[in-house]
Every structure is written in C-alpha cells, then in structure tokens.
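J.: here is my input, please return the structure:
(chains A and B)
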There are 2 protein chains.
Amino acid sequence: MNAELISVGTELLMGNIVNTNVAFLARECTAAGISVLYQVTVGDNKARLCDAVKTALERSDLVILTGGLGPTKDDLTKEAVAEVLGRQIIRDTHSEERMLAYLRGSIYKEIPENNYRQADIIEGAEALDNDNGLAPGIYVKDALGKKLFLLPGPPNELEPMFRNKVLPLLQSFSEKLLYSKMVKLAGISESVAETRIQDLIQNQTNPTIAPYAKSGQVWIRVTAKCTTKEEGMRIMKPVLDELEERFAEAIFTLEEEVSLEESLIQLLKERNMTVTTAESCTGGLLMGTLVNVSGASDVIREGIVTYANEAKEKYLHVSHETLKMYGAVSHQTAYEMAVGAAKMAQADAAIGITGIAGPGGGSKEKPVGTVYIGCYVNGKVIVEHYVFRGDRRKVREFAVNYAMNQLRKAILESK
Amino acid sequence: MNAELISVGTELLMGNIVNTNVAFLARECTAAGISVLYQVTVGDNKARLCDAVKTALERSDLVILTGGLGPTKDDLTKEAVAEVLGRQIIRDTHSEERMLAYLRGSIYKEIPENNYRQADIIEGAEALDNDNGLAPGIYVKDALGKKLFLLPGPPNELEPMFRNKVLPLLQSFSEKLLYSKMVKLAGISESVAETRIQDLIQNQTNPTIAPYAKSGQVWIRVTAKCTTKEEGMRIMKPVLDELEERFAEAIFTLEEEVSLEESLIQLLKERNMTVTTAESCTGGLLMGTLVNVSGASDVIREGIVTYANEAKEKYLHVSHETLKMYGAVSHQTAYEMAVGAAKMAQADAAIGITGIAGPGGGSKEKPVGTVYIGCYVNGKVIVEHYVFRGDRRKVREFAVNYAMNQLRKAILESK
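T.: Numbering: from 1, shown residues only, chains lettered A, B, ... in the order given. Okay, here's the model as predicted:
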C-alpha cells in the first residue's frame, strides 16, 4: 500500500515551524509496512489544497492530511476534501456532544459560534474522537475505495489519535510487514563505505540496502518485506552477515535506536570502567554528548575543558617542554592530556582531544581540521591523527564521533 | 515570484530525519519576498523525482531542490533535472579541481572513484562552490527562463551556500528590495512574547513581523519592502522602537548572524573579562557552545564538568554539608558551584549549572526539568531556579540558553 502525506498550513510554507508531524507519520507508516512515496505541503488555500488531494488520489492508495481542521476561516481541509469527493459537509451530533462536554467548565464563558464548525464531518465519513482537543479526525473512502484520513495539526492531538485510532485501521489494510535493521558504522567515510558495498546495493531486491551519512558515522538501513518478523530476520540474515564481514569492528550497533554514545557507555558499563575527558578544541562537546545518555552517571564522574595551555599544564600536567617543543596541537600533547585526565579523575579510561577547529589557527603543517585524539585505557595510550574537513562546527562533530569510536575500539582491543 | 521546494531523500520519506532544511529555505525565501506555494518530498527514485520536477516547472517560477547530490548511486537529483531539461551531464573542471584540493591530505588514503560524480554538473548550468563539503550546488534555467537551484542536503553545507551564493541571485531577480532585522530575545517564553506583540502582528502591513521559537530563545523577524536600504530602515524604525520598549533587556541582538553565545563572548571581550563554567546536568554542552564561537579563547581558559557529587566537592569545594542538606540540585549547590568555578579558574565570571535533565531522577518537589543556574560576576552571585519542559535534550538546550542569557544580564547589571 502506497501512502501520500499532505500537510496543510501557511505557517509551514513560510517556514515558521518545522514539520515534525510529517516525520512522525512517515516513521509510523513505514513501520506499519506502508510505503510513503510523496509528502506535500500546501497553504491554507482551497484551490491548491483541492489540487493536491486530487493528485494524491490519482497516485496513492492512502492519503493522510494533517492540519486545517480548526475553527477559523483559514481551516479548509474538510471543505476541500468534500469538494474533491463530491460530498456534503454535515454536522456530526456525537462530535458536537463531545465538543460541548469538553468546553463546559473551560476557560470560555460562552462557546464561540465558529467552534461548532469543528463538529462538522464529511458525508459518509467516520469521525475519530479527539481526546486532546476539539477537532475530531475524519476517515473517509472515495468512490474507488481509496482511503483518506484528515487529522488535526497539533502534535499532542495528532500523535495519540494516530496511534490509537488510525494505526489499528492501517494495520488491518496491510498484507505485508516491513522489518528493518540499521547497521551503524563509525570511523569510516561515506564514500569508502559506499564503495565497499556497491555490489550489494546494485543487486538489492529483498532486503533493500540504503546508506546514510552523518558527521563521522555511516548508517546502512537493511529492510525486508515479509509476513512475519521471523521471516524478515531470515531474509535479512545473509546481507547482515555480509556487512559484518566487510565492516567488522567499524559496526557499533544494528539497532536504529542505539547511538554511538550509548554503545560506548554500554561497553564501559559492561567492563565496569569509568571514563573521563580532557577537551581542547571540542570544548566540552564530547562530554556533553556522553552525558546526554541517560544513566551516564554510572561511568562518568567528571571531565575538564582545558582550552588554554596553562590549563593543560595545571590540571593535566602536560609538560611545559611538550607544549613548547611540539605545540598544543600535537601527538605528544594529546598523549599527555589523556594520561593526565585519567590520573586527575582516577578513571579507567580517558580521552584527550586537541586540534584546530578553525576558521583561524591553521598552518601548512597543521591545517584547520587537524585533530589529535589520545585514548587511555587501563594504562595504555593510543593517539590518532586526523584531518577533518568542514567548518568549525563540522570539525568538532567529526572529532567527537571519531573520539568515541576510537575509545570504543581501544576498549575492545584491550580485553 | 512563486517558489516550490523539493526535498529529495528516502530517509525523509521514511521519517528517519526531520526536514529542517525545508523550514530554513521557506523562511529565507519568504524573507526575500518570494512566496513558497508548494513543498514536496520524494525519495531517491528517478521516475518520481522527474515527475516532481516537471510538475514544479509547470506551476512555479523558481524550484529549489535539496539533497541527492552526493557520490552514491542513490543520488539522482542532477540526473533527474538533466533529463527533464533534456540536457547532458558534464564534468566541471573547476569543481573537480576544488574537490581534489579539498581531499588532498585529508583522512582519505585514496580518493574513491564515485567521488568524481560530485564534480559533474548539468550542461548550461553554473556550479555554486561548496565551502563545507564536496558537492557543489547547481543553478540552471529551463528553456522558458524558469530557475532551478540544486543544493546539497547536509544543513551545514546548504545554509552557508544558500546565504552566500543563492540569496544574492534571488535578490537580483526581484524588483523590490527586502530589508530585515532579526530581533532576538532570550529568557522569555514563546507564548509570552507572542501575546505581548499580538496587536503588532495583527496590524502588520509593511514592515511584516514574524516570530519564531527556539529552545529558550524567541526570534522576531521584521521585514520591510523598500527600494533602498535607507528607506527600509526608515520603514522599520517605529516597529523596532516599539519592540525595544516592550522587550527591553531581553533583546540580545538585532542581527540575523549573531548568536546568543557570540553576543555573550563579545560582551565579555568588551568588559575585558574571562569566564569559566562548572556543569553538572548539561555535562559540557554550555562550554561546548561557548567554545564554538570563533575567538572564544580570548575569554575562556578552562571549564569543568562535575557530574558526580565528589567532583563538585573536589574541584569546586561545594561543601559536603550543602550536598547532604540541600542536595546536588539546589539553589545552594548552584551558588557554591559558581563561586568554586570562578576561584578554580581565577575567572571574572562563572556559571554553575545543576539540574535534573531526566528521564529519571525527578521528584514531586524537584520534577524533571528542574535546573538551578548560578552566575558569578566579580564577586556577586545570582542564582535562578527554572523548570523546563521537554525531553533530556530539550531540558539541556533550555538550560544552556538560559544560562548564557542569565550571565549576559548579570554582566550588564554589574557595570
């Protein structure tokens, strides 16, 4: 079953708000085995809205509209759909009763007349009760049996209505299930990863294989069309095995929901290790990323940002000689930062990062993007040298991702 | 001039990522006096992508496509547009040289063959240099003179390319000039800000007034239609004066490009002050945000993350009694953290943050989202208590923004 999502609202067209609804609906539909092929956004304009609905009904089996169900003159979604289907707008007494009960004892002293518009539905449609607002949703079929859902725009009304009222209906429409795994890689560039699986991508049928690039991470989604979860796993297995063989320890998880920082924190927990950080160019971003993992406090007690050379000497005991002879951005400094941080925090593992995030500070030998990362694990230190491309923010994102992955690998190798 | 925005990417159709690019482009186009009438998202599928481009060229004067310019087989935007326009794909030597220069000496040992695809453009098109990635943008006109822009998907590549390369072209298409200021507020909620300017929004003609919410910041864009910059400033002045009267010191800048962290760093530089941070729940995010300002090293030498209670005692000398009696998340602890951080770093200003980012750790008295922020300025300390709403990430973003603003205000009041 193919779906089309139509978002209605001039505030979306003007960019006043980010359309999180469409991401929510797309994710939910995909998980329910429904392929979303088009997402369209139109403003509060009846002619263009009618056009969008007509086009959607020509090319999609299922059309989900969000927004434009409110009480104001700008809210035109019901009128547009009714016009395209050639139906009347009628008052739904059940929805009217619910609305009156909802408004009674509310902030309104009297119920504004235009509120009643929200109890109107399309002839032949089914009202979907809204437990978090006034406008009910609407489910209606066209003459060919194509399905339309009209849902409210506010996310706190849309999401529960979708999960509780729409999803059970959708699941009853669909024959096939989609089951997917996300193979997440770190420490490898997008184009290298892509080149290494070109043949798999070219020959994909079921499962499908799709890579996505992040700053310093590559994600490969493997999706099987199946009738049961077990069948999905069976269909996927040869491809997952192949990816594991080709990428080995660059893979940090197969789970969509697990981030690199979570997999690192989890590994530290398993090994019963604590970790600390000493950051220069990343200025706290690495620790900030680690601490964003819920429960990070089991393995993290402290971290330090030593932006100035004096701070590197004072807290981490990076030697004055090292800073003078090799500079703050050097293999030696990263080494001493990692060792000093571990000692300062009495931690089992430590990361020291020093680099040039730009835009200034680069030289021919050490261009902007040069980053040295030292990882200390139980007394052993590995320093790696990178040159990342991009603006200040990008260089720092890369540094954080590569640092987490470097520590992850160092711990795995230290067993 | 009417525009249509086409986002390309299966990850958008599947809801793996939220489409922030389209909101950015819509906002920028609207501000430039261009009406966005349609936003369409399609996957990495050539037939549907071609259809979308054809439809867009029928109904819009300007078509902006994002995504699908990368090196992989999935990246089809150029091919689709070339097909619709009946043009060839050709290698752009300038872009190829830029790409090779960019990759030379980078983390790549060899340059994968598929990277060269990124130096291809459409016959008759103009390449737009990408200063933050490999794929150049493309500007091309169809036979009727309708304009198409093909821009990269990663926001850190898209946004500067749009501002620096596309916007000047767009402005040259339009007869009227648009001149705008961004009134940026911190420390005030969106709904309070909106209520306070409801009358201005309702009566807007020229200039227009549009508020946007960020986590802990509210931005109000004031835009004048004019023929000269001077006229634009004259048209805007009464509204800007009114906003300054209504929001006073909550305004930290009128410049689109200036962030809250930049305005804080700038203020510190002007006062010749140094700053340090002691973070618990934000775990380094505050310092990471400050350090992201280019030239932050003039005012920042160090910062510390004291996640565990012992670290708060060891480095900041938060008293054991305080932690025992009031808890780590308390007015008293935030106070002692700020004082301790200033002393440790011998800084003129310091921020101490302690709170409950969630999802666990909340209680009836101190629910998730409770954050205490202490600001030390030249010996004086102000502690504020907040309860932020949202998930772990959101609470931390709010805390960082409110902390920066609290210090900004404390410094302004300390003169």
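
J.: wait, what's in contact with A:E336?
T.: A:312, A:316-319, A:322, A:352, A:374 (Cβ atoms under 8 Å, 6 or more residues apart in numbering or on different chains). The way it works is simple: take the backbone N, C-alpha and C, and place the C-beta from them, glycine included.

J.: and if you look at A:G379?
T.: Contacts for A:G379 (Cβ under 8 Å, 6+ apart) come out as none.

J.: any idea of the pLDDT on it?
T.: At A:G379, the model reports a pLDDT of 93.

J.: then the one 5 residues further on?
T.: Model confidence at A:E384, given as pLDDT, is 97.

J.: just A:R408 next, same as before
T.: 97.

J.: what helix or strand does it sit in?
T.: Assigned by DSSP states H and E, A:R408 belongs to helix A:392-413.

J.: now a PyMOL select for only the buried ones of the contacts of A:E336.
T.: Burial among those is assessed by 16 or more other Cβ atoms under 10 Å in any protein chain shown; the matching PyMOL selection reads:
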select buried, chain A and resi 312+316+318+322+352+374
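
J.: for A:E384, pull up the helix or strand it's in.
T.: Using DSSP H and E, A:E384 maps to strand A:380-387.

J.: for that strand, output the C-alpha coordinates as CSV.
T.: Only the C-alpha atoms of strand A:380-387 are listed here, as CSV (Å, rounded to 0.1, in the frame of the first residue of the first chain):
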residue,chain,number,x,y,z
LYS,A,380,47.8,2.0,27.6
VAL,A,381,47.6,5.1,25.3
ILE,A,382,46.8,5.2,21.6
VAL,A,383,47.0,8.5,19.8
GLU,A,384,45.5,9.0,16.3
HIS,A,385,45.9,12.0,13.9
TYR,A,386,43.1,13.2,11.7
VAL,A,387,42.4,16.0,9.3
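
J.: that one near chain B at all?
T.: Yes - using Cβ under 8 Å from any Cβ of the partner chain, strand A:380-387 reaches chain B at A:386-387.

J.: now the helix holding A:R408: buried residues?
T.: Applying a neighbour-count criterion of 16+ other Cβ under 10 Å, one finds A:392-411 buried in helix A:392-413.

J.: the inter-axis angle of it versus strand A:380-387?
T.: Put simply, helix A:392-413 runs at 150 degrees to strand A:380-387, going by axes from the mean of the first three to the mean of the last three Cα atoms, to 10 degrees.

J.: what helices or strands is helix A:392-413 leaning on?
T.: Other elements packing on helix A:392-413 under the criterion 3 or more Cβ pairs under 8 Å, 6 or more residues apart in numbering or on different chains; DSSP states H and E are strand A:177-186, helix A:260-270, helix A:285-291, strand A:349-355, strand A:370-377, strand A:380-387.

J.: show me which residues of the fifth one are buried.
T.: Looking back up the chat, that one is strand A:370-377. Those would be A:370-377, for strand A:370-377 by 16+ other Cβ under 10 Å.

J.: circling back: and the contacts of A:E336 as CSV, adding pLDDT?
T.: Formatted as CSV, these follow (pLDDT from 0 to 100):
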residue, pLDDT
A:K312, 97
A:L316, 97
A:H317, 97
A:V318, 97
A:S319, 97
A:T322, 97
A:G352, 98
A:G374, 98
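
J.: now, which of the contacts of A:E336 lie within strands?
T.: Among the contacts of A:E336, the ones falling in strands (DSSP state E) are A:352, A:374.

J.: circling back: now the helices and strands packed on helix A:392-413 in a markdown table, please, with extra columns for distance to B:L178.
T.: Formatted as a markdown table, the helices and strands packed on helix A:392-413 follow (distance: least, Cβ to Cβ, whole Å):
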| stretch | distance to B:L178 |
| --- | --- |
| strand A:177-186 | 43 |
| helix A:260-270 | 42 |
| helix A:285-291 | 36 |
| strand A:349-355 | 40 |
| strand A:370-377 | 41 |
| strand A:380-387 | 40 |
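
J.: lowest-confidence stretch among those?
T.: strand A:177-186 (a mean of 88).

J.: give me the pLDDT value at the residue of chain A most remote from its centre.
T.: In chain A, the residue that sits farthest from the middle, by Cα atoms, centre = their mean, is A:E321; the gap is 45.2 Å. The model reports A:E321 with a pLDDT of 97.

J.: which bits of the stretch 1-150 of chain A sit near chain B?
T.: With the criterion set to Cβ under 8 Å from any Cβ, the stretch 1-150 of chain A comes near chain B through A:7, A:12-20, A:22-30, A:36-43, A:45, A:48.

J.: among the residues you listed, the buried ones, what's the ChimeraX command?
T.: Applying 16+ other Cβ under 10 Å to those leaves a buried subset, and the ChimeraX line that selects it is:
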select /A:7,12,13,14,15,16,17,18,19,20,22,23,24,25,26,27,28,29,30,36,37,38,39,40,41,42,43,45,48
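
J.: direction included, what does the worst-scoring helix or strand of chain A on mean pLDDT pair up with?
T.: Of all helical and strand segments in chain A, the minimum by mean pLDDT, DSSP states H and E falls on strand A:208-214, at a mean of 80. Strand A:208-214 sits in its sheet next to strand A:217-226 (antiparallel), going by DSSP bridges.

J.: how much does the strand it pairs with deviate in direction from helix A:260-270?
T.: Angle, strand A:217-226 to helix A:260-270, by the same axes, to 10 degrees: 90 degrees.

J.: restricting to C-alpha, output strand A:217-226 in CSV.
T.: Taking Å, rounded to 0.1, in the frame of the first residue of the first chain, the C-alpha atoms of strand A:217-226 are listed here in CSV:
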residue,chain,number,x,y,z
GLN,A,217,29.2,8.0,11.0
VAL,A,218,27.6,6.0,8.2
TRP,A,219,24.3,4.2,8.7
ILE,A,220,23.1,1.4,6.4
ARG,A,221,19.4,0.5,6.6
VAL,A,222,18.6,-3.1,5.6
THR,A,223,14.8,-3.6,5.1
ALA,A,224,13.0,-6.9,4.4
LYS,A,225,9.4,-7.2,3.1
CYS,A,226,7.9,-10.1,4.9
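
J.: beyond that strand, next helix or strand please.
T.: Using DSSP H and E, the helix or strand that directly follows strand A:217-226 along the chain is helix A:229-247.

J.: mind listing what's buried in that next one?
T.: For helix A:229-247, by 16+ other Cβ under 10 Å, it's A:232, A:235-236, A:239-240, A:243, A:247.

J.: what does stretch A:352-369 give?
T.: Using 16+ other Cβ under 10 Å as the test for burial, stretch A:352-369 gives A:352-358, A:361, A:366, A:368-369.

J.: now for the nearest residue to A:K214 once chain neighbours are set aside: which residues touch it?
T.: Once flanking residues are discounted, A:K214 sits nearest to A:N401: 7.5 Å by Cβ to Cβ, 6 or more residues apart in numbering or on different chains. Shown in contact with A:N401 (Cβ under 8 Å, 6+ apart): A:186, A:214-217, A:260.

J.: from these, which is closest to chain B?
T.: Chain B lies nearest to A:S215 out of the contacts of A:N401, by Cβ to the nearest Cβ, at 8.3 Å.

J.: residues in contact with that closest one?
T.: By Cβ under 8 Å, 6+ apart, A:S215 lies in contact with A:390, A:394, A:397-398, A:401.

J.: domains for chain A, by residue range?
T.: Using automatic domain parsing, the domain parsing of chain A gives A:2-172, A:177-253, A:260-413.

J.: and those, which is most packed in?
T.: domain A:260-413 (a mean of 22; mean count of other Cβ atoms under 10 Å in any protein chain shown).

J.: what about that domain, start to end distance?
T.: Terminal residues of domain A:260-413 lie 17 Å apart, using Cα to Cα, to the nearest Å.

J.: and it, how far out from the chain's middle?
T.: Remark: domain A:260-413 is offset 26 Å from the chain centroid, using Cα atoms, centre = their mean, to the nearest Å.
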